[in-house]
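Undergrad: Predicted model follows, preceded by the sequence.
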Amino acid sequence: MNLSRLGSSSMFRALALATGLVLAVGCGGDGLTLRPEPTEFTVKVTSGGKPVSGVNLGLNPTGDGLPAGIPLKDGSGSGRAIPGEYMYFVALGDPKGAQQVKEAAAVLKTIPQKYHEGDPERVIKISSGATVELQLD
């Protein structure tokens, strides 16, 4: 086939078709592997028997999944994540202004240090509609 005789729209269609075929077939193996859809879940978090507020609950997947950050207010929060197991930790999140940074830092000081970073021995399981309760003591 002489490509120089094709118009630009015909060349574009041919290129788009070839790209689509490569993506559909893949480059070997078992083709494309798609992640499950993210699902809604809720968390309830306390420390010292009191609800945790003003910080984020961070989630790092132990397998498939993507990291997530859930803002906590009055001890609870909600978000979306791909079902699976996640290491969890508390972090500043995204405070606005100096006062919120001070408040979030004060909250973090009340939570044991071991919860300030993820630990592969400490995981939660996220599933569709789950409510996960954590006591950070």
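TA: On my side now, so go ahead.

Undergrad: would you say A106 is within a helix?
TA: Yes. Checked against DSSP: H, G, I helix; E, B strand; the rest coil, A106 lies within a helix.

Undergrad: residues near it, how many?
TA: For A106, the count of nearby residues is 11 (other CB atoms under 10 Å). All C-beta atoms are positioned from the backbone trio N, CA, C, and that covers glycine.

Undergrad: can you pull the pLDDT of the nearest residue to L72 once chain neighbours are set aside?
TA: Nearest residue to L72, sequence neighbours excluded (CB to CB, 6 or more residues apart in numbering): V52, at 5.2 Å. Per-residue pLDDT puts V52 at 97.

Undergrad: Domain map for this structure?
TA: As given by automatic domain parsing, the domain ranges for the chain are 1-33, 39-135.

Undergrad: mean pLDDT lowest for which of these?
TA: The bottom spot among these, by mean pLDDT, belongs to domain 1-33, with a mean of 50.

Undergrad: quick one on the thing from earlier: distance check, the residue nearest to L72 against L59.
TA: Distance, V52 to L59, by CB to CB, to the nearest Å: 15 Å.

Undergrad: Over to K73?
TA: 17 Å.

Undergrad: and the domains of the chain, which is most packed in?
TA: Greatest average neighbour count among the domains of the chain goes to domain 39-135 (a mean of 15), per mean count of other CB atoms under 10 Å.

Undergrad: so how far is it off the chain centroid?
TA: Its chain's C-alpha centre and that of domain 39-135 lie 11 Å apart, by CA atoms, centre = their mean, to the nearest Å.

Undergrad: quick one: the helices in the protein?
TA: In the chain, the segments counted as helices under DSSP state H are 8-25, 97-110.

Undergrad: Please look at R80 and P38 and confirm they touch.
TA: Yes. Taking contacts as CB atoms under 8 Å, R80 lies within contact range of P38: 4.0 Å.

Undergrad: Alpha carbons only: can I get stretch 41-50 in PDB?
TA: Extracted in PDB, the C-alpha atoms of stretch 41-50 (Å, rounded to 0.1, in the frame of the first residue of the first chain):
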ATOM      1  CA  PHE A  41     -16.200   2.700  52.600                       C
ATOM      2  CA  THR A  42     -16.300   4.500  56.000                       C
ATOM      3  CA  VAL A  43     -13.800   4.700  58.800                       C
ATOM      4  CA  LYS A  44     -14.300   5.400  62.500                       C
ATOM      5  CA  VAL A  45     -11.100   6.300  64.400                       C
ATOM      6  CA  THR A  46     -10.500   6.900  68.100                       C
ATOM      7  CA  SER A  47      -7.400   7.400  70.200                       C
ATOM      8  CA  GLY A  48      -7.500   7.200  74.000                       C
ATOM      9  CA  GLY A  49     -11.300   6.600  73.700                       C
ATOM     10  CA  LYS A  50     -11.800  10.000  71.900                       C
END
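
Undergrad: Thanks a lot, catch you later.
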